[in-house]
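1. Sequence and predicted structure are below.
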Amino acid sequence: SQQGEEDPQALSIQEGENATMNCSYKTSINNLQWYRQNSGRGLVHLILIRSNEREKHSGRLRVTLDTSKKSSSLLITASRAADTASYFCATDAGGSNYKLTFGKGTLLTVNP
Amino acid sequence: DAGVIQSSRHEVTEMGQEVTLRCKPISGHNSLFWYRQTMMRGLELLIYFNNNVPIDDSGMPEDRFSAKMPNASFSTLKIQPSEPRDSAVYFCASSLYGNTEAFFGQGTRLTVV
């Protein structure tokens, strides 16, 4: 079963706007990761945030993690049409269980 | 490095036939994952290997599915006999260590007719 669940399932915005996607998970984790998948392709890693971190930045990406609420958010600022893709959060199962499970993803469409 | 290599992008097989998917992880990575992706169920983890040893196969749907990793550079996922409901995109991924960044192959789209 999925550990993480993304919200919303789909998001449509205009180029230049910010996009925020959320992820909730069920059990304790060591870290949480965000991935991107373009249609018909494999997933590509975007960013990893450890359980003792609260916020992390990478270029136009900002990730937050709230372990008390078991939730994370991914913010893409100044979106571009090329950001159109599905975005997934992935978590391990905590402790020494490193299996990586994914949510069902958020489909982001950035309209030019 | 060429990344994670999956031996084929598309496989078509008839119901009841055996199908084997193949994966070459990135050299030096000690963790390997097999996933199945469908519209209905999303990306499901089937099995996870660490240092060639299966650690968690709780996601393998039934006995028709089996996976092996005979050495650090090769893994297979076999479905025998295949059924139409097995139609999906199957991804192999590897990571340096368990829950670090995972690198995905391009996926194999399996169609069972």
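-> Thanks, I have it. Residues are numbered from 1 along each chain as shown, chains lettered A, B, ... in the order given.

2. looking at it, A:His45 is touching A:Ser58, isn't it?
-> No: A:His45 lies out of contact with A:Ser58 (CB atoms under 8 Å); the separation is 10.5 Å. All C-beta spots, glycine's among them, are computed from the backbone N, C-alpha and C.

3. More neighbours: which of these two?
-> A:His45 (17 against 11; other CB atoms under 10 Å in any protein chain shown).

4. Find the nearest non-adjacent residue to the more buried one, please.
-> B:Glu101 (4.4 Å; CB to CB, 6 or more residues apart in numbering or on different chains).

5. For the one you found, give its distance to B:Asn30.
-> 13 Å (CB to CB, to the nearest Å).

6. okay, and the common contacts of the two?
-> B:Ser95 (CB atoms under 8 Å, 6 or more residues apart in numbering or on different chains).

7. A:Lys104 falls within a strand, correct?
-> No: assessed with DSSP: H, G, I helix; E, B strand; the rest coil, A:Lys104 is coil; it does not lie in a strand.

8. list the contacts for it?
-> Taking CB under 8 Å, 6+ apart as the test, what A:Lys104 contacts is A:2, A:5-6, A:9, A:88, B:42-43.

9. Starting from A:His45, give me the distance back to it.
-> A:Lys104 sits 18 Å away from A:His45, going by CB to CB.

10. Now do the same for the residue nearest to A:His45: its pLDDT.
-> Turning to B:Glu101, the model gives it a pLDDT of 92.

11. Can you give me the neighbour number for it?
-> 18.

12. pretty sure it contacts A:Gln33?
-> Yes: at 7.0 Å, B:Glu101 and A:Gln33 qualify as touching, with contact defined as CB under 8 Å.

13. anything in contact with each of the two?
-> A:45, A:48.

14. Quick check: phi and psi at A:Glu15.
-> Main-chain dihedrals, A:Glu15, degrees, to the nearest 10: phi -50, psi 140.
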